[in-house]
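Visitor: here's a sequence, model it:
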Amino acid sequence: MRQEPAPLTPHLRVRQERGHTVLEFRGEIDLAAATEIAPHLDRETNRRAARVVIDLSRIEFFDCSGLRLLYRARSRVLDRDGQLLLVCAHPLTLRVLRITGLSRLLPPQPTLDAALEQPEAASGPV
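Guide: Purely as a prediction, here's the structure:
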């Protein structure tokens with residue numbers, strides 16, 4: 001039986017999956033949640049050649065604070081020759097990603113399995 005890791009914060013769980021660090025955002029990702037998540041996100045994206053997945057499948061709300069987290073994570077990972085993948089299937093969040101252009105830079109995958117099957121270049125162009 002697989003045991004789920006304890007949350008680092010009420011809005012974040014981190015685990016290893018198939019050679020990737022999966023950061024699972026949870027609940028409402030607003031300014032308060034982003035402030036909680038940022039130090040953990042920075043730690044995971046600070047490693048050289050990090051392979052990171054941000055999983056938004058358990059979020060209920062996602063505002064511009066969450067977008068800033070995604071842009072920051074992408075920039076940090078690419079600067080260190082790593083890979084960042086995104087999981088998102090929520091229609092409203094996908095719409096925000098599309099409107100802001102982030103979906104072109106960080107193409108969202110509908111499931112964690114789909115993201116983990118992506119080739120190394122899935123973080124998008126610089």
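Visitor: please name the bridge partners of the residue minimising distance to the centre of the chain.
Guide: When CA atoms, centre = their mean is applied to the chain, the residue found nearest the centroid is Ile54 (1.9 Å). For Ile54, the beta-bridge partners under DSSP bridges are Leu23, Leu86.
Visitor: excluding its backbone neighbours, what's nearest Thr93?
Guide: Nearest non-adjacent residue to Thr93, counting by CB to CB, 6 or more residues apart in numbering: Phe62, 4.8 Å away. (C-beta placed from N, C-alpha, C; glycine too.)
Visitor: actually, Ile37.
Guide: Leu12 (5.0 Å).
Visitor: so the one you found sits against Glu36, correct?
Guide: Yes: between Leu12 and Glu36 a contact is recorded at 7.0 Å, counting by CB atoms under 8 Å.
Visitor: so who does Ser103 touch?
Guide: Ser103 sits next to Leu94, Leu97 when contact means CB atoms under 8 Å, 6 or more residues apart in numbering.
Visitor: circling back: backbone phi and psi for the residue nearest to Thr93, please?
Guide: phi -150, psi 110 (degrees, to the nearest 10).
Visitor: look up the residues forming beta bridges with it.
Guide: Bridge pairing for Phe62 (DSSP bridges) gives the partners Ile29.
Visitor: distance check, it against Leu84.
Guide: Per CB to CB, to the nearest Å, Phe62 is found 17 Å from Leu84.
Visitor: for Arg43, same thing?
Guide: Distance from Arg43 to Leu84, counting by CB to CB: 14 Å.
Visitor: those two: who's more crowded?
Guide: A side-by-side neighbour count of Arg43 and Leu84, using other CB atoms under 10 Å, places Leu84 first with 24 against 12.
Visitor: part of a strand, is the more buried one?
Guide: Yes: the assignment for Leu84, made by DSSP: H, G, I helix; E, B strand; the rest coil, places it in a strand.
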